[in-house]
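Enquirer: Got a predicted model here, sequence first, then my questions.
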There are 4 protein chains.
Amino acid sequence: MIYFQCDYVEGCHPKILDKLNQTNMEQTPGYGTDKYSESARKKIQDACGIPEAQVHFLVGGTQTNLTVIASLLRPWQGVLSPETGHINCHETGAIEASGHKVLSLPSQDGTITGEQVRQYCLEHFGSEIREHTIQPGMVYISYPTENGTLYTKAQLSELKEACREYSLPLFIDGARLGYGLTSPDSDLTLQDVAQLSDIFYIGGTKCGALFGEAVVIPNPNLVQDFRYMIKQRGGMLAKGRLLGLQFDTLFTDGLYFEICKKAVRQALAIREAFVEKKIPLYGASRTNQQFVVLTSQQMEKLGEKYAYEVWGPDGDGRTIVRFCTSWATRDEDVSALIEDIQRLSV
Amino acid sequence: MIYFQCDYVEGCHPKILDKLNQTNMEQTPGYGTDKYSESARKKIQDACGIPEAQVHFLVGGTQTNLTVIASLLRPWQGVLSPETGHINCHETGAIEASGHKVLSLPSQDGTITGEQVRQYCLEHFGSEIREHTIQPGMVYISYPTENGTLYTKAQLSELKEACREYSLPLFIDGARLGYGLTSPDSDLTLQDVAQLSDIFYIGGTKCGALFGEAVVIPNPNLVQDFRYMIKQRGGMLAKGRLLGLQFDTLFTDGLYFEICKKAVRQALAIREAFVEKKIPLYGASRTNQQFVVLTSQQMEKLGEKYAYEVWGPDGDGRTIVRFCTSWATRDEDVSALIEDIQRLSV
Amino acid sequence: MIYFQCDYVEGCHPKILDKLNQTNMEQTPGYGTDKYSESARKKIQDACGIPEAQVHFLVGGTQTNLTVIASLLRPWQGVLSPETGHINCHETGAIEASGHKVLSLPSQDGTITGEQVRQYCLEHFGSEIREHTIQPGMVYISYPTENGTLYTKAQLSELKEACREYSLPLFIDGARLGYGLTSPDSDLTLQDVAQLSDIFYIGGTKCGALFGEAVVIPNPNLVQDFRYMIKQRGGMLAKGRLLGLQFDTLFTDGLYFEICKKAVRQALAIREAFVEKKIPLYGASRTNQQFVVLTSQQMEKLGEKYAYEVWGPDGDGRTIVRFCTSWATRDEDVSALIEDIQRLSV
Amino acid sequence: MIYFQCDYVEGCHPKILDKLNQTNMEQTPGYGTDKYSESARKKIQDACGIPEAQVHFLVGGTQTNLTVIASLLRPWQGVLSPETGHINCHETGAIEASGHKVLSLPSQDGTITGEQVRQYCLEHFGSEIREHTIQPGMVYISYPTENGTLYTKAQLSELKEACREYSLPLFIDGARLGYGLTSPDSDLTLQDVAQLSDIFYIGGTKCGALFGEAVVIPNPNLVQDFRYMIKQRGGMLAKGRLLGLQFDTLFTDGLYFEICKKAVRQALAIREAFVEKKIPLYGASRTNQQFVVLTSQQMEKLGEKYAYEVWGPDGDGRTIVRFCTSWATRDEDVSALIEDIQRLSV
């Protein structure tokens, strides 16, 4: 069985493994105060073009989301999110467990607009009984979105402007940031992301690392005492160097972007095969996740050799499924899949 | 500089690293549903002598403590703990952040007694205004304790009996469990721990793994839906196999106990050197942590070559410091330290 | 200005005030352990036909909702609620602040069905990744609903049956229970409510009391230690007798139902006036709240003499407004309003 | 039986009851936006000498404490409190339920010093591993303390200065503020309290009202959005005028202080009787609570006619008990008690 189910089925990029092997018996202080974490922080600050940015390393995505959001909100505030946002759908209520409601905004393609934020705030702050409802306190989006779609620079700038008007920090979940920034559809750079958000993270788990997410706070005054929160919420790794050396490797010689770009190229080849076969796409993803609408016969046929993720019924008798590539996907597996797509009955 | 500061300054045992290398490009499903996690669960169930026990893998200790405790308590309950307990002192209020007070019991050596638990419960449940105070809902201890001391089987049985009388689950933090069970002072086995507690964990981070703690729930009916809680609190590793294969390796051919035993042997040699030098010990630890009371001159001298942890003033002008060994400590480093202890002025 | 804005603009029923006057200087023990609370508990148990039911008195509705819900749910669970539910819309995230998500179900008229609950549970418990989403742990409805609509006995029985199938306690917010049970459309009695729910409350604040809600737990084993939760969440009134004597009075000689019935009669007369005038109703309320769709001219005209509540735009240029009667509404004010409705331009 | 057990065994001062009677059928808007609340706020601002102070009315003490503290702290912070503080002992973990630890400081007589605060902060902020422990975020005291003792103006100024040095808001629980300020031992005025604290409340429940506590925030910029929190935590009374008119009455013509002064006078007469009888006092209270150490024979004798509160064993075979007076205590009951004290065997 060849897995296209998700982007976390293998271990880590070989260069990271090499680094783990080379450094295994070195002795370093704990909790992220080691030289590898220091070096990784420096490289990420440089890549973002903001030397004074805070950079913190956490283990996983849900942990990062809950730690960031609980750090920023006051008890009577909630976080605006697309209804499809990961925090709203797939984190077992982690945000609510920290005391805050996810205030969901309708979204067709996974994105939300500045206008939606403005409208929500206008209604809330204009209400005479606003104290009986949750105050919007920040905005959460992901880049790329859960659906693999992307904000343009213009869209993101407009969203940021709306946030600025209402003093709402804008938080970008970048669990798959590398796959977004290296899409041919993206007109954003890492530096743009750092300029257009108040806090974001660079995903490692799905982009070449064994695990790990790098939180960047461009304006270092935004959050005080973030390390207390990391510790309190269980995200402070004793052997913090494991996070440091992974990100240090990923941000050496552009490795992070190189391996993500390869995955996107592979995903687009798979997409092209579906398009040629006139099998309908679901959404307009041009990143490493491709959503297509299959008949049950097609699912069965592809399911003989490939693992994919069932996303849900399309409402019309067929099923939406997801094929993911990653830094680890082999070209020969992509070729085999493409050939088998070409052989499908339609 | 040679580190005796703590037991998490190196990476992981070479056998684990081998396993990581061998399996790196294998494809496995996520979130602990892989074959390595399955195998590790089986081995731990066998080692505990309880095939039906629930076994779950989490990343770190604070995360494990907060997830376990928040799973067991009702909102109006707190957790009884020795005043020196890790949850009471060194987790940035992680338990309180989940809504529960740590109810601390006085402790000279890091242990508490069944009698203390009985007394607390008697006072609470006997009070006419008990509803104005927090109800004790479970008991937390660590084995070995923060001070490196150990419960005897008789003491633990007595504590368990008191817990049973008041229907309080007994939770054992085993971050250093291996170093406790392999101490010459221990009269407990892993199977005893499984019999005499309601939930406990086998520490990996400090005992040979890169990271990871294995939670064991001997009576599988004690906690329902524990995986929801792991996910919600950010402890469900996407690449769950990393936890599985580490514990699978540690529980193959007795590796876990073998490497911990070595560390204890080394610690006792260091202890012996201090004793011969008539440098006072602080507490009676016979595990991998040794606490001694040094003059500032002795601290300075040893500090030239060795990193140790300052525990605090002894109240008499000298300082309590901690020397730790671990699975990774080299015999030559121990020998060097012993020689330098022998050369100290007293 | 005559207030029809809501049902809490006056003080309390004169019989309650008499009782307050008569007992003011009596000395009683605190926190609900007094004889008036005891007597009120007994009368409510009798009225519900369940002598063993737990009965507790709290101060207000939001407090009662959060205390009940946080008592019943485990941390990884949420509460199913109609999207229009008070806990979902008008309590400033009180439920989320206690760590739990409100899982909203679509609702046209304020009610939800057993089928909706079944469907939600089927999808949740049937999912392979259910642990990544919030587990439904109870169901919240109100009777009457926010929109003034009512469940029939058949509908409520069906909902209860669905809850039973999935072991979800059914909680009925009865802030306006009296106005529901005395509607000519209601085929339910207080005893039915006690039979068909797992926990509910009898609203006092809006039904004749100065303040106060009486929580009834028909099966006394459902919740342990509820008084701890009342105290912890700030709902345990020091002078608890104030709650006791109010409910004691309300449940003497059927006063509670008598005064609510009067308010419903008045509301239906107002409703009839609007209907005769062919002014459209919004929803089918036959309780003390009447929702009508007014032009801005009509709003202005009525607004000269009467306070009403603006509910929101109807999407068609007109505005939905609410007129409320209560135990305190005077017949002469109702007559005046009806006359002025009759004089409106349409 | 005559109750000296606590200061909340009667209803309310007759002038308040008159006001309730006079205004019962008036119609007012809800949630504290009525004219009585407005008037009460104005009178309290005047009495504090700070026209711009925020003033809010809540129902009870535990509710007020949890709402204030959760409004001020960030998630990684705790509240410093004397070990005997009400929030640490008698609120069923209400503060912890909001996510924050009570950081208790040793106290003999119920007070803490600026030096203790400084020392705690010095150790915390000076620690290399401060992120592993809870950050002190505010200071809670009560005036008078649980033991009935009082801070002098010098002591309070010194405590405030320490708080200022570490940017810790100082919160004074004034559940019995009136009984403190009218003690002959007090050298503080209400205006002093407003100057020397960052937030405090004027207790109504124990000082003449049916219920109610008035929170004063001298610097109105300290807390934003406090009304959201009141609503979220269940403290926003629908018929808010009930709170307003009680405080409006209490702060008309100095009634609040007049009735408290009377209670203190009575308590001191009782105290004098015990002193003359050479029955030992427990602590140095010169407020409305008097603590004495009785033999079991004395307890039995007085218990025949009087209810008092058992505080605990004195460690020497006798028992500490509390006698309370209040605004409602009758002189004839005090006289009777004094006579019976004089008749006790010693």
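Expert: Perfect, I can see it now.

Enquirer: helix, strand or coil for A:Pro136?
Expert: State at A:Pro136, reduced to three classes by DSSP: H, G, I helix; E, B strand; the rest coil: strand.

Enquirer: so what's the residue nearest to it when sequence neighbours are not counted bridging to?
Expert: Closest residue to A:Pro136 apart from its sequence neighbours, by CB to CB, 6 or more residues apart in numbering or on different chains: A:Leu80 at 5.3 Å. From N, CA and C alone the C-beta is placed, and that goes for glycine too. Per DSSP bridges, the residues bridged to A:Leu80 are A:Leu103, A:Val139.

Enquirer: what pLDDT, on average, does stretch A:94-105 get?
Expert: Averaged across stretch A:94-105, the pLDDT comes to 98.

Enquirer: who touches the longest helix anywhere in chain A?
Expert: In chain A, assigned by DSSP state H, the helix with the most residues is helix A:255-276. Residues outside helix A:255-276 that contact it (CB atoms under 8 Å, 6 or more residues apart in numbering or on different chains): A:4, A:7, A:13, A:15, A:178-179, A:181-184, A:202, A:207-208, A:249-250, A:281, A:285-290, A:292, A:323-327, A:329, A:331, A:334, A:337-338, A:341-342.

Enquirer: Using ChimeraX, define a selection of the buried residues within these.
Expert: Command for ChimeraX, covering only those of these found buried under the criterion 16 or more other CB atoms under 10 Å in any protein chain shown:
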select /A:4,7,13,15,178,179,181,182,183,202,207,208,249,250,285,286,287,288,289,290,292,323,324,325,326,327,329,334,337,338,341
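
Enquirer: Could you list which of the contacts of helix A:255-276 belong to helices?
Expert: Among the contacts of helix A:255-276, the ones falling in helices (DSSP H) are A:Lys15, A:Gly178, A:Tyr179, A:Leu181, A:Thr249, A:Leu250, A:Asp331, A:Val334, A:Leu337, A:Ile338, A:Ile341, A:Gln342.

Enquirer: ranges for the strands of chain A?
Expert: Secondary structure of chain A, counting by DSSP state E: strands at A:2-3, A:54-58, A:77-82, A:102-105, A:135-142, A:170-173, A:199-203, A:213-217, A:289-294, A:306-307, A:309-313, A:319-324.

Enquirer: which helices and strands sit right next to the fourth one?
Expert: Put plainly, it is strand A:102-105. When contacts are defined as 3 or more CB pairs under 8 Å, 6 or more residues apart in numbering or on different chains; DSSP states H and E, strand A:102-105 sits against strand A:77-82, helix A:86-89, helix A:114-126.

Enquirer: cool, the third one as well?
Expert: Strand A:77-82 is packed against helix A:86-89, strand A:102-105, strand A:135-142, with contacts defined by 3+ CB pairs under 8 Å, 6+ apart.

Enquirer: rerun at 10 Å
Expert: Applying 3 or more CB pairs under 10 Å, 6 or more residues apart in numbering or on different chains; DSSP states H and E, one finds that strand A:77-82 contacts helix A:61-72, helix A:86-89, helix A:94-97, strand A:102-105, helix A:114-126, strand A:135-142, strand A:170-173.

Enquirer: what would these look like in TSV with mean neighbour count?
Expert: Shown next, in TSV, are the helices and strands packed on strand A:77-82 (neighbours: other CB atoms under 10 Å in any protein chain shown):
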stretch	mean neighbour count
helix A:61-72	26
helix A:86-89	20
helix A:94-97	27
strand A:102-105	22
helix A:114-126	15
strand A:135-142	24
strand A:170-173	24
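
Enquirer: For A:Arg41, find the nearest of the ones you listed.
Expert: Nearest to A:Arg41, of all the helices and strands packed on strand A:77-82, is helix A:61-72, at 15.8 Å by CB to CB.

Enquirer: Dump the closest one to PDB, restricted to CA.
Expert: This file holds the C-alpha atoms of helix A:61-72, laid out as PDB (Å, rounded to 0.1, in the frame of the first residue of the first chain):
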ATOM      1  CA  GLY A  61       0.000  21.900  15.900                       C
ATOM      2  CA  THR A  62      -3.000  21.700  18.300                       C
ATOM      3  CA  GLN A  63      -0.600  22.500  21.200                       C
ATOM      4  CA  THR A  64       0.700  25.500  19.300                       C
ATOM      5  CA  ASN A  65      -2.800  26.800  18.400                       C
ATOM      6  CA  LEU A  66      -4.100  26.500  22.000                       C
ATOM      7  CA  THR A  67      -1.000  28.000  23.500                       C
ATOM      8  CA  VAL A  68      -1.000  31.000  21.100                       C
ATOM      9  CA  ILE A  69      -4.700  31.700  21.400                       C
ATOM     10  CA  ALA A  70      -4.800  31.400  25.200                       C
ATOM     11  CA  SER A  71      -1.900  33.700  25.400                       C
ATOM     12  CA  LEU A  72      -3.500  36.500  23.400                       C
END
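
Enquirer: Say whether chain C is contacted by it.
Expert: Yes - contact between helix A:61-72 and chain C, assessed by CB under 10 Å from any CB of the partner chain, occurs at A:Thr62.

Enquirer: circling back: looking at the strands of chain A, which is closest to B:Gly212?
Expert: Of all those, strand A:54-58 comes closest under CB to CB, at 16.1 Å.

Enquirer: does chain D sit close to the closest one?
Expert: No - Strand A:54-58 stays clear of chain D (CB under 10 Å from any CB), getting no nearer than 11.3 Å.

Enquirer: Using PDB, write out every CA atom in that strand.
Expert: Taking C-alpha atoms only, strand A:54-58 is exported to PDB below (Å, rounded to 0.1, in the frame of the first residue of the first chain):
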ATOM      1  CA  GLN A  54      10.500  36.200  19.000                       C
ATOM      2  CA  VAL A  55      10.800  32.600  17.900                       C
ATOM      3  CA  HIS A  56       9.600  29.700  20.000                       C
ATOM      4  CA  PHE A  57       9.600  25.900  19.200                       C
ATOM      5  CA  LEU A  58       6.700  23.700  20.200                       C
END
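
Enquirer: Does that strand reach chain B?
Expert: Yes - using CB under 10 Å from any CB, strand A:54-58 reaches chain B at A:Leu58.

Enquirer: Could you give me the buried positions within that strand?
Expert: With burial defined by 16+ other CB under 10 Å, the residues of strand A:54-58 counted as buried are A:Gln54, A:Val55, A:His56, A:Phe57, A:Leu58.

Enquirer: Paired strands for that strand, with orientation please.
Expert: strand A:213-217 (antiparallel).

Enquirer: What mean pLDDT does the partner strand get?
Expert: 98.

Enquirer: A:Pro313: neighbour count?
Expert: A:Pro313 has 11 neighbouring residues, counting by other CB atoms under 10 Å in any protein chain shown.

Enquirer: Can you get me a residue count around the closest residue to it other than its chain neighbours?
Expert: Distances taken as CB to CB, 6+ apart place A:Thr319 nearest to A:Pro313, at 5.9 Å, with adjacent residues excluded. The tally of other residues near A:Thr319 (other CB under 10 Å) stands at 18.

Enquirer: And A:Tyr166, by the same measure?
Expert: When neighbours are counted by other CB under 10 Å, A:Tyr166 comes out with 18.

Enquirer: Find the nearest non-adjacent residue to it, please.
Expert: Leaving out its chain neighbours, the residue that sits closest to A:Tyr166 by CB to CB, 6+ apart is A:Cys121, at 4.4 Å.

Enquirer: Compute the distance between A:Pro51 and A:Tyr256, please.
Expert: Separation of A:Pro51 from A:Tyr256 (CB to CB, to the nearest Å): 19 Å.

Enquirer: of the two, who's got more company?
Expert: A:Tyr256 (30 against 8).
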